[in-house]
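[1] sequence plus predicted model, see below.
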Amino acid sequence: MILTITPNPAVDQTVQIEEDLEAGRVQRSTGAQFDSGGNGINVSQFLRAFDAETVATGITGGFTGYFIEQDLADYDVPTDFVGTDEPTRLNTTIHAAGNEYKLNQSGPDVDPSIVDDIIATAQDHDPDVLNIGGSLPPGLSSDAVDRIASAGDWETALDIHGEQLVELDHGAEYVKPNEVELEAATGVDIDSIDDCAQAARELQSMGFERVLASMGSEGAMLVTPEETLYAPALDVDAVDTVGAGDSMFAGALWAYEQGRSDEDALKTAVSVSSQVVEVHGPSARDLDPEARIDDVRLWSMR
Ligand SMILES: O=P(O)(O)OC[C@@]1(O)O[C@H](CO)[C@@H](O)[C@@H]1O
């Protein structure tokens, strides 16, 4: 079972307007939706869409926290959140005249002692793989991630910010940086697929067994203990990229937990994300992890 921990969940608000954003006047939307979000929560939602076993935990509070719990129940995602007094944050994505704007709140202040409750929750569920995803709310530091990762006999899969990845004492079996996070973690400027491979290998040498780098419209790369694999993105009509990286990680972890090969894990990751970018918001109910697996091409890089 894969347990996800989202220290700083969000209600994701997605708004569409037909014209570009302008300061100083009221503009009206042509479409809007709310989804439960935050990286770990998204991973759990995708895993449930694949029919895999998962539990979503993390820190929630207030009306927005209540929305997340109700919404996940609707998606049949088992949850076991630790409560806090302040409301969970609201993150906004605006699609305006072909541009995507994203505003993420920092999140509520939390007391570092809440980490004890998160650890107790994780230990209760005793997962095979423990995934920690997303930003940390004010009050928590990378020390919280180290404490949680080392509190049980599980494999750890991390999708946290690059600056925090390099501060960790505890390594991990899997990490999923995007290119910005890879640059922040390694200091390598990424302008090409080769740069990405160099940065991902540098990150791996800091104590991570497998590095899955999401590269947006360029696809994804997986550095394993044996090799570096690259898969270009599939050619689809992308309407919204929110949650695309999380769906990649969900696909890779789904394959990894079943003991499938690294090639399969990367193909599944790309297959799933190509389906998720075709819909608005981070949620997708009808997902087949293997639907497009035969369309994904793989290269082994030196
Ligand atoms: O502010 P963070 O924690 O870095 O990112 C949070 C977030 O942007 O990431 C998810 C998509 O990956 C969204 O569901 C959510 O709003």
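    The structure has been received and is ready for your questions.

[2] so for stretch 216-234, what gets flagged as buried?
    In terms of neighbour count (16 or more other C-beta atoms under 10 Å), stretch 216-234 has its buried residues at 216, 218-224, 228-234. Quick note: C-beta positions are derived from backbone N, CA and C, even for glycine.

[3] which ones are touching residue 211?
    175-177, 200-201, 203-204, 221-223 (C-beta atoms under 8 Å, 6 or more residues apart in numbering).

[4] can you show me the strands along this protein?
    Ranges of strands in the chain, per DSSP state E, are 2-6, 10-17, 31-37, 54-60, 82-83, 89-96, 99-103, 129-133, 155-159, 172-175, 208-214, 220-223, 228-231, 299-301.

[5] tell me if I'm right that residue 189 and residue 195 touch.
    Yes. Contact between residue 189 and residue 195 holds when scored by C-beta atoms under 8 Å: they sit 6.6 Å apart.

[6] please identify which of the two sits among more neighbours.
    Counted by other C-beta atoms under 10 Å, residue 189 and residue 195 do not tie: residue 195 has more neighbours, with 16 against 10.

[7] that one: what's it in contact with?
    Contacts of residue 195 (C-beta under 8 Å, 6+ apart): 188-189.

[8] do the same with residue 291
    271, 275.

[9] which residues of the stretch 1-150 of the chain lie near the ligand?
    8, 10, 12, 37-39, 42, 91, 104, 134-135 (C-beta under 6 Å from any ligand atom).

[10] and with 8 Å instead?
    6, 8, 10, 12, 35, 37-39, 41-42, 91, 93, 102, 104-105, 107, 133-135 (C-beta under 8 Å from any ligand atom).

[11] again, but for the stretch 151-300 of the chain
    161, 242-246, 282.

[12] can you report how many residues neighbour residue 126?
    There are 12 residues near residue 126, going by other C-beta under 10 Å.

[13] apart from its chain neighbours, what residue comes closest to it?
    Take residue 126 and drop its neighbours on the chain: the residue closest to it by C-beta to C-beta, 6 or more residues apart in numbering is residue 152, 6.9 Å away.

[14] what's the burial count for the one you found?
    The burial count assigned to residue 152 is 15, neighbours taken as other C-beta under 10 Å.

[15] quick one: it and residue 121 touch, right?
    No. The pair residue 152 / residue 121 is not scored as a contact, 10.9 Å apart, by C-beta under 8 Å.

[16] that older thread, so what's the residue nearest to residue 126 up against?
    Counted by C-beta under 8 Å, 6+ apart, residue 152 has contacts 122-123, 126-127, 130.

[17] any idea which of the strands of the chain is most buried?
    The highest mean neighbour count among the strands of the chain, using mean count of other C-beta atoms under 10 Å, belongs to strand 2-6: a mean of 29.

[18] who does that strand touch, helix- and strand-wise?
    Strand 2-6 sits against helix 39-49, strand 54-60, helix 114-125, strand 129-133, helix 244-257, with contacts defined as 3 or more C-beta pairs under 8 Å, 6 or more residues apart in numbering; DSSP states H and E.

[19] so which bits of the last one are buried?
    Of all the residues in helix 244-257, those buried under the rule 16+ other C-beta under 10 Å are 244-257.

[20] same for it, what does it pack against?
    If you count contacts as 3+ C-beta pairs under 8 Å, 6+ apart, helix 244-257 packs onto strand 2-6, helix 39-49, strand 129-133, strand 155-159, strand 172-175, strand 208-214, helix 262-276.

[21] no further queries at this time; thank you.
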